[in-house]
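S.K.: The sequence isn't on hand, but the structure is:
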Ligand code: MIG
């Protein structure tokens, strides 16, 4: 059951597809509104899930989060905002409920930071639509549920899928039903991706492919970062570095490898450059207060920002991707779309004037720090975000009022164009910045993390929150983007990453090389990546079922064992799909870890891609040894994990027919396997399910 309330005069975000009729705000349920903030009293045991891409826990209690899409490469514990604005919360208290604060404005979520027992949500300008989502009544009424207490807080069997659906997940499904089906990537996008800032020439790209194939490391994608472009101009190719780009694309595709180029938000100001000239001609760029094209600095130097919020500009920019589709490209990643601003022309001018003033001064402590702050203030300055305008639904809107929509609308621009340009086949698309609603057009990667052990764990914790908000195709830079990775960190990170939809190793300019073969002996990397391909029939099946039923792919334990106080507080394990639980190692030099099992499960140990042990473990805590070259997962009671045969080096080679069934179930147990051709846009869940039985 969803209730909608409107506060003030919010701008439309187009996150919600079907809006229920608005109710009077005086009748607000669960929360109170004091004219400044929404608030809620929380009991000690209440858990607050949600907020998508953010730092800290699966349980968000004890911190302040701000929805304000930020080009923030410091994903430190005290960060308040990363690249996404995902205003969905799920409160698991006496009566669980969900809430979505729909507004393009900045939203502050004080989740028990100021007062541990209070949730306070405030919105800039007090203009927003609020959706309060209760457990749908039909959940209990229509289905027979033994353990459900009638209020919808127990377990409910979804007969068709043989899956437990708790009240929490039902609320998520209600919410997701309202915001529309999640983006579906092509099947090959579940393969391994290798990226680096950058592989700047065709020769470098060929070398990556050669190394992977020579070492028999499976691979499906190589990513192209900004250097493939001609002086960082969108929709161009540097023909000196890539003279035979089309041939390269075709040649790699023969080997089962796709090239995935990056697209940046800023368009270079340069006479003769078609994207610039057309944008000027049609007035498609964001304007300053005087109506002139706003100038920002990004990669290519001076740029204009396409007005992604303007319908005409959005369609125009989206259709530009055709330039690369025509060269054989089938996937893209959209970057710098918070949008990130190195500087604005105006600010840079002021900056240089000020710097000259300091030159003649004897800088004391105060002035030195002022001077230092000045340098930092040039990039992504809030005043710059208040200095340009969009044409949104025929209205002139200042950027800061719709800031959180820019990345969403950039990705929508591509997504909508792809429906036109590639009506049959799915394409790969994901973005750095996002708002809820963007999940219909593409996935997300979580930006510039670090080669830190704590960021491996953060990767795990973000997944369920992203899933709640509709972002199913998601992942982090495996091995870490900034800082130098080590061999053991990459192995441990892959032991998590092989279970997540977007599996991409990416690292920054100036860091140590991070391809598996850069760390010497590749045998253990080969094993772990091969395991990914053995898991594919299951992972793809679980992903597609989640996407087509508005469900979750990665769930916290508390979503299933809702009444188990220990399970509810587990922050370092996940359920992946219906059959398995994972508990990766995330500490350097650890020989294993403690795993909590809410019920009896079967431990399955893989050495390389081969099963080395199957042992039933009782419910409770266990210390499990996990050497670096092994992966351990746990199969739930009554469940089946189908595995492909080993040996595939790209998704197209995986044999979906010869499945080995690992299980912790008796005869008669069944698994619902979803499969399709991996590329058609038109898919129906029911046509594609086949039962796998013991
Ligand atoms: O400010 O294109 O998050 O993945 O490698 C850096 C260069 C710009 C940020 C992205 C990162 C990418 C990098 N980009």
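M.R.: Ah, there it is. In this text the structure is predicted, and so the values were computed from the model without any measurement. Numbering: from 1, shown residues only.
S.K.: Identify the residue nearest residue 475 in space, chain neighbours excluded?
M.R.: Nearest residue to residue 475, sequence neighbours excluded (Cβ to Cβ, 6 or more residues apart in numbering): residue 502, at 3.1 Å. Heads up, the C-betas are built off the backbone N, CA and C, glycines and all.
S.K.: what about the one you found, distance to residue 183?
M.R.: According to Cβ to Cβ, to the nearest Å, residue 502 stands 11 Å off from residue 183.
S.K.: try residue 3
M.R.: Distance of residue 3 to residue 183, computed by Cβ to Cβ: 27 Å.
S.K.: Enumerate the residues of this structure near the ligand.
M.R.: 197, 225, 226, 262, 335, 336, 432, 447, 448, 481, 506 (Cβ under 6 Å from any ligand atom).
S.K.: Quick one, which of those residues are buried?
M.R.: With burial judged by 16 or more other Cβ atoms under 10 Å, the buried subset of the residues of the chain next to the ligand is 197, 225, 226, 262, 335, 336, 432, 447, 448, 481, 506.
S.K.: Packing partners of the host helix or strand of residue 297?
M.R.: Using DSSP states H and E, residue 297 maps to strand 296-298. Judged by 3 or more Cβ pairs under 8 Å, 6 or more residues apart in numbering; DSSP states H and E, strand 296-298 is in contact with strand 301-304, strand 343-344, helix 345-359.
S.K.: Mean neighbour count added to the ones you listed, as CSV?
M.R.: Below are the helices and strands packed on strand 296-298 laid out as CSV (neighbours: other Cβ atoms under 10 Å):
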stretch, mean neighbour count
strand 301-304, 20
strand 343-344, 20
helix 345-359, 13
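S.K.: now those in TSV, with mean pLDDT?
M.R.: Below are these laid out as TSV (pLDDT from 0 to 100):
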stretch	mean pLDDT
strand 301-304	96
strand 343-344	88
helix 345-359	89
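S.K.: what about residue 3 and residue 183, which has more around it?
M.R.: Counted by other Cβ atoms under 10 Å, residue 3 and residue 183 do not tie: residue 183 has more neighbours, with 23 against 19.
S.K.: distance of the residue lying closest to the more buried one once chain neighbours are set aside from the ligand?
M.R.: In space, residue 183 comes closest to residue 442 once its chain neighbours are excluded; the distance is 5.3 Å by Cβ to Cβ, 6+ apart. Remark: distance between residue 442 and the ligand (Cβ to the nearest ligand atom, to the nearest Å) = 15 Å.
S.K.: now swap in residue 61 and tell me
M.R.: For residue 61, the distance to the ligand (Cβ to the nearest ligand atom) stands at 29 Å.
S.K.: same question, residue 75
M.R.: 11 Å.
S.K.: tell me the contacts of the nearest residue to that residue once chain neighbours are set aside?
M.R.: For residue 75, the nearest residue in space outside its immediate sequence neighbours is residue 449; the separation is 5.3 Å by Cβ to Cβ, 6+ apart. For residue 449, the set of contacting residues under the criterion of Cβ atoms under 8 Å, 6 or more residues apart in numbering consists of 75, 455, 458, 459, 476, 477, 480, 481, 482.
S.K.: at 7 Å what do you get?
M.R.: If a contact means Cβ atoms under 7 Å, 6 or more residues apart in numbering, then residue 449 has 75, 455, 476, 477, 480, 481 as its contacts.
S.K.: For the stretch 151-300 of the chain, which segments are assigned as strands?
M.R.: Counting by DSSP state E, counting those that start in this stretch, the stretch 151-300 of the chain has strands at residues 157-158, 163-164, 192-194, 221-224, 258-264, 267-268, 287-288, 296-298.
S.K.: Same question for the stretch 451-600 of the chain.
M.R.: Secondary structure of the stretch 451-600 of the chain (DSSP E, counting those that start in this stretch): strands at 474-475, 477-478, 503-505, 554-555, 574-576, 580-582, 592-597.
S.K.: and the ones you listed as TSV, adding distance to residue 124?
M.R.: As requested, the strands of the stretch 451-600 of the chain are exported to TSV (distance: least, Cβ to Cβ, whole Å):
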stretch	distance to residue 124
strand 474-475	27
strand 477-478	31
strand 503-505	34
strand 554-555	32
strand 574-576	34
strand 580-582	39
strand 592-597	41
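S.K.: hmm, back to that, joint contacts of residue 502 and residue 183?
M.R.: When contacts are counted by Cβ under 7 Å, 6+ apart, residue 502 and residue 183 have 443, 473 as shared neighbours.
S.K.: Need the per-residue pLDDT for residue 556.
M.R.: In the prediction, the pLDDT value recorded for residue 556 is 98.
S.K.: What is the burial count for it?
M.R.: For residue 556, the count of nearby residues is 29 (other Cβ under 10 Å).
S.K.: what's the helix or strand that contains residue 635 packed up against?
M.R.: Remark: residue 635 resides in strand 630-636, with elements defined by DSSP H and E. Helices and strands in packing contact with strand 630-636 are listed as strand 580-582, strand 601-607, strand 660-664; criterion 3 or more Cβ pairs under 7 Å, 6 or more residues apart in numbering; DSSP states H and E.
S.K.: Report the distance from it to the chain centre.
M.R.: Taking the mean C-alpha point of strand 630-636 and that of its whole chain, the gap between them comes to 24 Å (Cα atoms, centre = their mean, to the nearest Å).
S.K.: Which strands border it, and is each parallel or antiparallel?
M.R.: Sheet pairing for strand 630-636, assigned by DSSP bridges, gives strand 580-582 (antiparallel), strand 601-607 (antiparallel).
S.K.: Just put those in JSON lines and tack on mean neighbour count.
M.R.: What follows is the strands paired with strand 630-636, written out as JSON lines (neighbours: other Cβ under 10 Å):
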{"stretch": "strand 580-582", "mean neighbour count": "23"}
{"stretch": "strand 601-607", "mean neighbour count": "20"}
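S.K.: Same list, those, but as a markdown table with mean pLDDT please.
M.R.: Output for these, formatted as a markdown table (pLDDT from 0 to 100):
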| stretch | mean pLDDT |
| --- | --- |
| strand 580-582 | 98 |
| strand 601-607 | 98 |
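S.K.: Just the residues contacting stretch 673-692, thanks.
M.R.: Applying Cβ under 7 Å, 6+ apart, the contact partners of stretch 673-692 are 186-188, 424-426, 537, 541, 544-545, 548-549, 640, 642, 656, 659, 661, 670-672.
S.K.: From one end of that stretch to the other, what's the distance?
M.R.: The distance separating the two terminal residues of stretch 673-692, taken as Cα to Cα, to the nearest Å, comes to 7 Å.
S.K.: try stretch 297-314
M.R.: Stretch 297-314 has an end-to-end distance of 21 Å (criterion: Cα to Cα).
S.K.: Okay, buried residues for that stretch please.
M.R.: Within stretch 297-314, the residues that qualify as buried by neighbour count (16+ other Cβ under 10 Å) are 297-300, 303-311, 313-314.
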